[in-house]
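1. When you get a sec, could you give me coordinates for this:
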Amino acid sequence: MTVASIAVALAALTMTSPADANGGPMFMMAGGAPEVIGGAIGFIGNVIDGDAVAASAARTAFVYTVLWIPVAAVYGVAAFSLDFGCGAARVSKARGASLGASGCARMLASFVPLALFYVAACSASFAFKAAQYGAAAGLSDWTGFLFAACTNALLLCSVAAWSAAIYAVVRGTFGAAIIQLGLAVIVLLGYPSAYGSAVAASSADPIFPWCLSPVFHLMNVSSLCAQGTGLLAPAVYSVASCALAFAVAGVALRIREV
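-> So this is what the prediction gives:
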C-alpha cells in the first residue's frame, strides 16, 4: 500500500468517525480533562471543547497520527534501503559522489511525499470536521492548524529519518524497522503512563527522557497540548532531530562500505 492510499484511507476513517457525546476514537490518552483543549495528551478524536470548536476539529484531524508513526518508521527504512538494493548508491559512489551526501539527499527527497500526504490528509479531515461541528474556521484557525500539521509532518519525517539512520548503521531492513518501532512503542506506552501519574500527583509534566523522541512531541502537538508553551519548540526539535539523523546516517555511510 502506497503512502497516498494510506493517506486517503486514514482521512476517510477520520471523516466517518461519529461526532457523538462520548467522543472517539482515542489512543494513548492521558490527562484529567480531554473535553478541554490542552487538558490531555495523546490522540483524541471527536471530543468537542465548546470554547474552542475549531481547535477541537483540528485535534480530531490529528487523531490517526498514531498510525502514521509506524508508517513513517517503515517508510524511512524502505525508501533508504531501496537505493542500496537497486544499486543507486553504488552508482553515486562510482561517479565520485560522497555516499554520505548522496544518501542524505535521497533521504530528504523521499521524505517530501510523506510530509505532503500527511498534511493533505489532515487538512481535508479538518475542513470536514469543522463543518460537521458547525465551526466557521477562519484564517487564524487555518493558520494555527497548518502550523501544527506541518510541525507534525516534520516530526514524522524525523521518525523516518531515524529509521534510515538506524538502517545505515545496522545495514538490516528488518532490524532497523524493529528497533525504530520498538522505540516508538516504548514512548507511546510509557509517556501516557508517566503523564497520568504526574497529573494524579499534581506534579510537573514528566518531560525527560520522553522529549528525546519525536513520538513524544507528536502526542503533544496532536492533542494541541503544546498550546501552553507554543508549537515553536516542537518545530525546532523536528528540524534539529532530522539534521542529527542525517548526520548519523552520513557518518555511518562514510565509515561502512556499501
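
2. May I have the residues that are in contact with Gly134?
-> Residues in contact with Gly134 (Cβ atoms under 8 Å, 6 or more residues apart in numbering) are Val53. C-beta: built from backbone N, CA, C; applies to glycine.

3. can you tell me how far it sits from Leu156?
-> 30 Å (Cβ to Cβ, to the nearest Å).

4. burial measure for Val251, as a count.
-> Neighbourhood size, Val251 [other Cβ atoms under 10 Å]: 14.

5. Can you pull the poorly scored residue ranges out of this protein?
-> 1, 21-22, 83-103, 227-230, 256-258 (pLDDT under 70).

6. Enumerate the positions of the strand or helix carrying Leu67 that are buried.
-> Using DSSP states H and E, the element containing Leu67 is helix 65-86. Within helix 65-86, the residues that count as buried by 16 or more other Cβ atoms under 10 Å are 65-66, 68-69, 71-81, 83-84.

7. what helices or strands is it leaning on?
-> Counting contacts by 3 or more Cβ pairs under 8 Å, 6 or more residues apart in numbering; DSSP states H and E, helix 65-86 packs against helix 3-16, helix 99-133, helix 139-170, helix 173-200, helix 214-222.

8. tell me the angle it makes with helix 139-170.
-> Compare the direction of helix 65-86 with that of helix 139-170 by axes from the mean of the first three to the mean of the last three Cα atoms, to 10 degrees and you get 40 degrees.

9. How far off centre is helix 65-86?
-> The chain centroid and the centroid of helix 65-86 are separated by 13 Å under Cα atoms, centre = their mean, to the nearest Å.

10. so what's the residue nearest in space to the middle of the chain closest to, chain neighbours aside?
-> What sits nearest the mean C-alpha location of the chain, by Cα atoms, centre = their mean, is Leu156, with 3.4 Å. Sequence neighbours aside, Ala72 is the residue nearest to Leu156 in space, at 4.3 Å (criterion: Cβ to Cβ, 6 or more residues apart in numbering).

11. Return the residues in contact with that neighbour.
-> Counting by Cβ under 8 Å, 6+ apart, the residues that Ala72 touches are Leu114, Leu156, Cys157, Val159, Ala160, Ser163.

12. and Met28, helix, strand or coil?
-> At Met28, secondary structure determined by DSSP: H, G, I helix; E, B strand; the rest coil is strand.
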